[in-house]
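A.B. asks: generate coordinates for the sequence data below:
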Amino acid sequence: MTLRRHLLLAIPALVVAGRAEAQKPIALPQQWYGVEVEDNVFTVQMPGVPDHRIVGDVTARGTPFQLHSYSLDAGGFSYVAQSALYPGDVDAGNPRPILQAALDSRARSLDGGKWSSVEWRALDRATAVDSTGPVRGGNALRQLALLEGRRFVSLAFLGPTGSTTGPEAQRFFTSLKLQA
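C.D. replies: This next block holds a predicted model:
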């Protein structure tokens, strides 16, 4: 038999095998990646490679600064890690009012305009606040915001109600490592 005939006989078998393979979904293990945020200020794990954007912002006194935002939608959840170094005109000596302002700003997007739970705590060397609240459409938002010196860090997780304490959220939040 010639090579050409072997190839012609093999084509129908390959087409059938290809169709069979295309009908069953391929199960890939979910892989989490360590993300170095803005010059390795902190690391966090996400279930994919996030989109990085730099957003211009200004302080209450009008001094410009940059907010680095890393976001990813995966597996029906949204993950966001943000970092900013506040300029010198921000009084970072008392972090609670700065973090409260961040909470109040984000609360405007919540269903009912307020957080359902807010927990203040220390995280490493930083003052932190962990909050959860309902979002329209049966979703919930969990946010961890902290201030270490002039460095603002925020992690946010959005998913169906009840998922903010699930394994994906827990892995995301507990993976946060501040650099010395």
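A.B. asks: all contacts plus neighbour counts: C-alpha atoms, from now on.
C.D. replies: OK.
A.B. asks: need the helices for this protein, in chain order.
C.D. replies: Secondary structure of the chain by DSSP state H: the helices cover 3-23, 95-107, 167-174.
A.B. asks: where does the chain dip in pLDDT?
C.D. replies: The model of the chain has pLDDT under 70 over residues 1-29, 180.
A.B. asks: please repeat the previous calculation with a cut-off of 80.
C.D. replies: 1-30, 38-39, 180 (pLDDT under 80).
A.B. asks: which one is residue 69 nearest to, not counting chain neighbours?
C.D. replies: residue 82 (4.4 Å; C-alpha to C-alpha, 6 or more residues apart in numbering).
A.B. asks: for residue 43, same thing?
C.D. replies: residue 36 (4.7 Å).
A.B. asks: buried ones in stretch 87-97, by neighbour count?
C.D. replies: Neighbour counts over stretch 87-97 (16 or more other C-alpha atoms under 10 Å) mark 87, 92, 95, 96 as buried.
A.B. asks: thinking again about what came up before, how much space separates the residue nearest to residue 43 from residue 68?
C.D. replies: Residue 36 sits 11 Å away from residue 68, going by C-alpha to C-alpha, to the nearest Å.
A.B. asks: neighbour count for the two, which is higher?
C.D. replies: Using other C-alpha atoms under 10 Å, the more surrounded residue of residue 36 and residue 68 is residue 68, with 17 against 14.
A.B. asks: what about the strands in the chain?
C.D. replies: 33-37, 42-46, 51-58, 64-74, 77-85, 117-123, 126-135, 139-148, 151-160, 177-178 (DSSP state E).
A.B. asks: for residue 102, find the nearest of those.
C.D. replies: Closest of the strands of the chain to residue 102 is strand 139-148, at 7.9 Å (criterion: C-alpha to C-alpha).
A.B. asks: who does the closest one touch, helix- and strand-wise?
C.D. replies: helix 95-107, strand 126-135, strand 151-160 (3 or more C-alpha pairs under 8 Å, 6 or more residues apart in numbering; DSSP states H and E).
A.B. asks: now the angle from it to strand 117-123?
C.D. replies: 30 degrees (axes from the mean of the first three to the mean of the last three C-alpha atoms, to 10 degrees).
A.B. asks: quick one: strands adjacent to strand 139-148?
C.D. replies: strand 126-135 (antiparallel), strand 151-160 (antiparallel) (DSSP bridges).
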